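> Requesting a structural model of the entry that follows:
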Amino acid sequence: MTAPTLPAATAVEIVRLAGNIGAEIRGVDAGSPLADDTAATVRQALLDHKVVFLRDQILTYDTQVAFARRLGDVTLGHPIFESHGKEPLREEMDSHKGMRANHWHTDLTFVDRPPAFTILYGVVIPPVGGDTIWANTETAYAGLPPELRDLADRLRIVHSNDSDYAAIYEREGATDAAVRALHESMLSKVFETEHPAVRVHPETGNRSLLLGGFAVSVSGYPRQAGRDLIRVLQEHVTRPENTVRWKWRAGDLAIWDNRATQHYAVFDYGDQHRRGERLTVAGDVPIGPDGRPSLPLRGDATHYYLGSST
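Predicted coordinates:
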């Protein structure tokens, strides 16, 4: 008897979006259990392209968490903001609640173990605007002049949630009560961590710049000199050739390697509603080219990393 013919598995297609960063993955349903080879393909695409996008996804909290767990242990939604009841691993990025990430940053670098991967599901998207831009911090490092690269390899930078990033919320909060409340909550607990300015990726061995909006000072340098150094290095990260810009549709899923990127959510949609649902996958302690790990200076984020056991 002839064995029945099983339907062929959907082929996974990876389409590059820009020269140095970004790809769309087609043929993957993140709401269904992933085969091992599909999960491996997604992870490799993340390592290769730094940020990947899946269109037309239908996800519940449970299926989103199950997908994230194929990439690693899932943290709590945020190290500072209170977790959401029965959905403690998810953080709402809701513009009507003051949540706007309109500043270049790498997620949560004020703690000693920033996320390895971030997963953002687009739920409510404004009709115009609300794009997100990502930058490749590995190509930014590689493109530094040799003398500046050598200096960066030796620098240590302090990151804090009490930073220019928080100052933006403070300024916008003067006219927006939701933003003001979020800013006050953001500073209810202060974290500071000294990271290497250049981290070595634990999976690829590549070097990248670890900077962004939470970077506040350079260890061993006067404050203004340190800020000038951060600015010079940061300008290399956000050069257009290091970036990709994504125009969201509801149902889009973006996943990025937080160890090799920065991103900026463009706030150009006025009072229109924008809401995403974010999960973060636990990372490791960054290590510099000299082998020195990051050093926590203030605050204990242990509870945040234990989210995977919730």
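> burial measure for Thr294, as a count.
Just to correct that, residue 294 is Ser rather than Thr. 24 (other Cβ atoms under 10 Å). The C-beta positions use only the backbone N, C-alpha and C, and glycine is treated the same way.
> Spit out the contact partners of it.
112-113, 193-196, 285-287 (Cβ atoms under 8 Å, 6 or more residues apart in numbering).
> try it again with 6 Å
Under the criterion of Cβ atoms under 6 Å, 6 or more residues apart in numbering, the neighbours of Ser294 are 112, 193, 195, 285-286.
> Likewise for Thr106?
Thr106 touches 212, 258, 262, counting by Cβ under 6 Å, 6+ apart.
> Where neighbours are concerned, which of those has the most?
Neighbour counts for those (other Cβ under 10 Å) peak at Gln262, which has 29 neighbours.
> so who does that residue touch?
Contacts of Gln262 by Cβ under 6 Å, 6+ apart are 104, 106, 135, 212, 237.
> does the fourth one really touch His103, like I thought?
No: in this structure Gly212 lies outside contact range of His103 using Cβ atoms under 6 Å: 8.3 Å.
> who are the neighbours in contact with Arg275?
Arg275 neighbours (Cβ under 6 Å, 6+ apart): 94, 123-124.
> ok, which stretches of the stretch 101-250 of the chain are strands?
117-124, 132-136, 156-160, 192-196, 198-200, 207-209, 215-218, 243-246 (DSSP state E, counting those that start in this stretch).
> so which of the contacts of Ser294 is the most crowded?
His195 (29 neighbours).
> who touches that one in this structure?
157, 159, 210, 286, 294.
> tell me which of the residues you listed is nearest to Asn20?
Asn20 has its nearest neighbour among the contacts of His195 in Leu210, at 18.0 Å by Cβ to Cβ.
> Make sure that closest one is actually in contact with Arg199.
Yes: the criterion here is Cβ under 6 Å, and Leu210 meets it with Arg199 at 4.7 Å.
> Okay, the residue lying closest to His201 once chain neighbours are set aside and Leu209: tell me how far apart.
Take His201 and drop its neighbours on the chain: the residue closest to it by Cβ to Cβ, 6 or more residues apart in numbering is Arg259, 5.6 Å away. Arg259 sits 11 Å away from Leu209, taking Cβ to Cβ, to the nearest Å as the criterion.
> re the thing from before, show me the one of the strands of the stretch 101-250 of the chain that comes nearest Val266.
That would be strand 132-136 among those, by Cβ to Cβ, at 6.7 Å.
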